[in-house]
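>>> Return a 3D structure for these sequence lines:
(one chain, ligands or ions: 1)
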Amino acid sequence: MTRLIFLGPPGAGKGTQAQTLAHHKNIPHISTGDMLRGAMRERSPLGIKAQSYVDKGELVPDQLIQDMAEERLSQSDTSSGWILDGFPRTVSQAQFLDELLQKLGQKTVQVINLEVPDEVLIERLSGRGRPDDTQEVICRRLEVYRLQTAPLINFYRDRQQLLSVNGNQALAEVTNDLEKMIT
Ligand code: AMP
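Just a heads-up that it's a prediction; the model follows:
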């Protein structure tokens, strides 16, 4: 049973790797960023609330994200496993996820920390062309990562759930390392 969380800064390759692995294992790839972008495109109430945060590179409030994650993880296709990409992003989201998984009767989770040096991140993000990939917003997203998300590294390391992977390699190499590590 594969239940994985992808940690790592913006631009580390979480989305690409999560998608590839989910495809190989035939389990859902759950990206809160993709879900928010979908909601913003549709101008749904959630999308309208999220827009100003995403545009500025800030995190969307925990409660909105937690409701969205709970709804998604409660769907039946998650019983065979899942890969979470971009959630949790704060310690309180991680605590919420713990409680949710307990409620859903799901346990073992491995957490992948994709490590990539800052200068490579900035270079990658600058080349993606997403609306929240302007210079100013990129800097803010990296700062928000450092302040609010990086503490999750120790949170999961202390619980011996953390696996670190060198994300500064060719895509296929990273995938290969991941495939060897995960169960
Ligand atoms: P991503 O595609 O994961 O880089 O997410 C894009 C943007 O969506 C982030 O910069 C945040 O504004 C928002 N977002 C995605 N996931 C979360 C989350 N778990 N908590 C708060 N905001 C999120």
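>>> quick check, residue 82 in a strand?
Yes - assigned with DSSP: H, G, I helix; E, B strand; the rest coil, residue 82 falls within a strand.
>>> Nearest residue to it in space, ignoring adjacent ones along the chain?
The spatial neighbour of residue 82 that comes closest, neighbours along the chain excluded (C-beta to C-beta, 6 or more residues apart in numbering), is residue 28 at 5.0 Å. C-beta coordinates here come from the backbone N, C-alpha and C atoms, glycine included.
>>> Might you report the residue contacts of the one you found?
By C-beta atoms under 8 Å, 6 or more residues apart in numbering, the contact list for residue 28 reads 22, 77-78, 82-83.
>>> now do residue 49
Residues counted as contacts of residue 49 (C-beta under 8 Å, 6+ apart) are 60, 64.
>>> The ligand versus that one, what's the distance?
Taken as C-beta to the nearest ligand atom, to the nearest Å, the spacing of residue 49 relative to the ligand amounts to 11 Å.
>>> Look up how far residue 70 lies from that residue.
Counting by C-beta to C-beta, to the nearest Å, the gap between residue 49 and residue 70 amounts to 16 Å.
>>> just residue 161 next, same as before
Distance, residue 161 to residue 70, using C-beta to C-beta: 21 Å.
>>> same check, this time on residue 50
When distance is defined by C-beta to C-beta, residue 50 is 16 Å away from residue 70.
>>> And those two? Which one has more around it.
Using other C-beta atoms under 10 Å, the more surrounded residue of residue 50 and residue 70 is residue 50, with 22 against 15.
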